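Participant: Any chance you can model this:
(one chain, ligands or ions: 1)
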Amino acid sequence: MRVINARTTTVTVLALLVISLTMVTSPKAQLFSNRVINTEIKTGAIGSTQSYTDQTAWYLILVNKWNYIPDDYEIELIKLSNGQLVDKRVYPALQKMFTAARSAGVYPRVVSGYRTAQEQQRLWDQKVAELRAEGYSFGEAMNKAQTLVAVPGTSEHQLGISVDINADGINSTEDKVYKWLDKNAHKYGFIQRYPKDKTAVTGYIYEPWHYRYVGKEAAKRIYEQGLTFEEYMAVLGAES
Ligand SMILES: [Zn+2]
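Facilitator: Have a look, this model is predicted:
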């Protein structure tokens, strides 16, 4: 038995080595390595490695099934009181939005902020396994999972500028929170990222809980014109 175990271990180690080497050499794998610089409040500008033009400012970065997170993406995170992490640049707007909600008698909470590539991978694997258990073939499970969970490297949660918001579970219902956010989030620079009846454009089912920071200007236009972020970016591109 020991010999078998040892052999299994060797095989596992070798397999891991192959995987790590692939990670190093594959440019796609590097996309998953967005680094967390720190989790403390820091003043000053974010790393100078970002070279977005105005139109692709950090708050307008398009990440979806067809646009992976850039491999040089850097984030400075800040920890919320409940332990969730967000990009420190969106924190003031998020805080303002939550304060406004509370003063309107609505009590939201962030249930998911920044996620590492590993966390996203775990969610993905879990969803595929669930669907397999429901009887879907591997191919079907992969296809269906893509409408429900982002493939690692394509989740806005890995950017730290998106949050899943639920009710606090005590003072508000989910419905009340979603309604308030739907009407007011844009005033603070946030948009509902995966609206109803837009699956063909966003690639995702309706997610009334998923909000993403785009800045006030973009949020206002997206809200008023009923656009998805994909559509807004296409409009911006056409206008420039
Ligand atoms: Zn989300």
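
Participant: Spell out which parts of the chain neighbour the ion.
Facilitator: Residues of the chain lying near the ion by CB under 5 Å from the ion: 164, 210. C-beta: built from backbone N, CA, C; applies to glycine.

Participant: now the helices for the chain?
Facilitator: Here the chain has its helices, by DSSP state H, at 2-25, 27-30, 91-103, 117-133, 138-148, 174-184, 199-202, 216-225, 229-239.

Participant: Arrange these in CSV, one row each, with mean neighbour count and mean pLDDT as further columns.
Facilitator: Below are these laid out as CSV (neighbours: other CB atoms under 10 Å; pLDDT from 0 to 100):
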stretch, mean neighbour count, mean pLDDT
helix 2-25, 10, 38
helix 27-30, 12, 30
helix 91-103, 16, 97
helix 117-133, 15, 95
helix 138-148, 15, 93
helix 174-184, 16, 98
helix 199-202, 14, 94
helix 216-225, 16, 95
helix 229-239, 15, 91
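
Participant: Nearest to Trp58 among those helices would be which one?
Facilitator: For Trp58, the closest of those is helix 216-225, at 12.2 Å, according to CB to CB.

Participant: now what about that closest one, what contacts it?
Facilitator: Here helix 216-225 makes contact (CB atoms under 8 Å, 6 or more residues apart in numbering) with 59-60, 185-191, 214, 227-229, 232.

Participant: could you flag which of these are buried?
Facilitator: 59-60, 185-186, 188-191, 214, 227-229, 232 (16 or more other CB atoms under 10 Å).
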